[in-house]
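*Asks:* take a look and give me a structure for this.
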Amino acid sequence: MSGNCLNLLLLSYEHDPLAGYDCLQRHDFEIQRYRFNHISRDYADFSAFHLVGIDGLMPPDSILELLQTQQNKETNKFIIFNLQENIHNSVNYLQAGARGILTAKHEQQEVADIFKAVHQGVIYIDNDVAQKLAMRHIKKILEPFDALSSREFDVFCLIAEDFPITYIANQLTISLKTVFNCQTAIRRKLNAQDNDQFKLIAKNNGLI
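*Replies:* Okay, the predicted model is just below:
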């Protein structure tokens, strides 16, 4: 191991996101694993680590809380593994301080290069998520979504991603009544009968 090795703390939840990547140590990484059941996030000290990897199967609220408690501390480079291509959660994690979003399986050399890039300050997002994020910005002003207001478009995307109405209201800081009103307006404007059609329209337009 060279003197320039990077220390990576891996917070696993249901499984080890780096299972099968044992050869990373040949690429100047030292990996420590911690099973995430309940960690005192307010007092967690990650200062000894260059990178902190988080199992994307961890409950989203727990990931966000963990990221938010670290925002005013020494800069850590957080990478979320195996996120299920959930665009809304990806955006939330990036806004909360994550610097890497990995959804796909990568070769070991590729993972090593991503880790090193993130450590050097690069923000890394897997292509599938990046393309969907870009597509949302483009499609928002094109047919058939140009008929929707910005709020209606946000509600549409969250419903298409299977988020419950109460969650949508909390995330967008609007009332349940407003969410239901948006849902009704979206159905009329997109000629959609139910939420399953929302999802189909979103998939056909590359939004999810």
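
*Asks:* mind giving me the packing neighbours of the helix ranked longest in the chain?
*Replies:* In the chain, ranked by residue count with DSSP state H as the criterion, the top helix is helix 176-190. Packing contacts for helix 176-190, counted by 3 or more C-beta pairs under 8 Å, 6 or more residues apart in numbering; DSSP states H and E, involve helix 150-160, helix 165-172, helix 195-204. (Glycine included, C-beta is placed from N, CA and C.)

*Asks:* and Phe46, which of those helices is closest to it?
*Replies:* helix 165-172 (26.7 Å; C-beta to C-beta).

*Asks:* could you dump that closest one to CSV, C-alpha only?
*Replies:* The C-alpha coordinates for helix 165-172 follow below in CSV (Å, rounded to 0.1, in the frame of the first residue of the first chain):
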residue,chain,number,x,y,z
ILE,A,165,-49.3,11.8,-1.6
THR,A,166,-48.3,12.7,2.0
TYR,A,167,-44.6,12.4,1.1
ILE,A,168,-45.1,14.6,-2.0
ALA,A,169,-46.9,17.3,0.1
ASN,A,170,-44.0,17.3,2.6
GLN,A,171,-41.3,17.4,-0.1
LEU,A,172,-42.9,20.2,-2.1
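
*Asks:* from the contact counts, what lies against it?
*Replies:* Against helix 165-172 (3+ C-beta pairs under 8 Å, 6+ apart) you get helix 150-160, helix 176-190.

*Asks:* and that helix, what's buried?
*Replies:* Across helix 165-172, burial judged by 16 or more other C-beta atoms under 10 Å covers Ile168, Ala169.

*Asks:* point out where the protein drops to low pLDDT.
*Replies:* Along the chain, segments meeting pLDDT under 70 span 1-3, 20-23, 25-27, 37-44, 72-75, 85.

*Asks:* tell me the secondary structure at the residue nearest the centre of it.
*Replies:* The centroid of the chain falls nearest to Ser90 when counting by C-alpha atoms, centre = their mean (2.2 Å). Reduced to three states with DSSP: H, G, I helix; E, B strand; the rest coil, the structure at Ser90 is helix.
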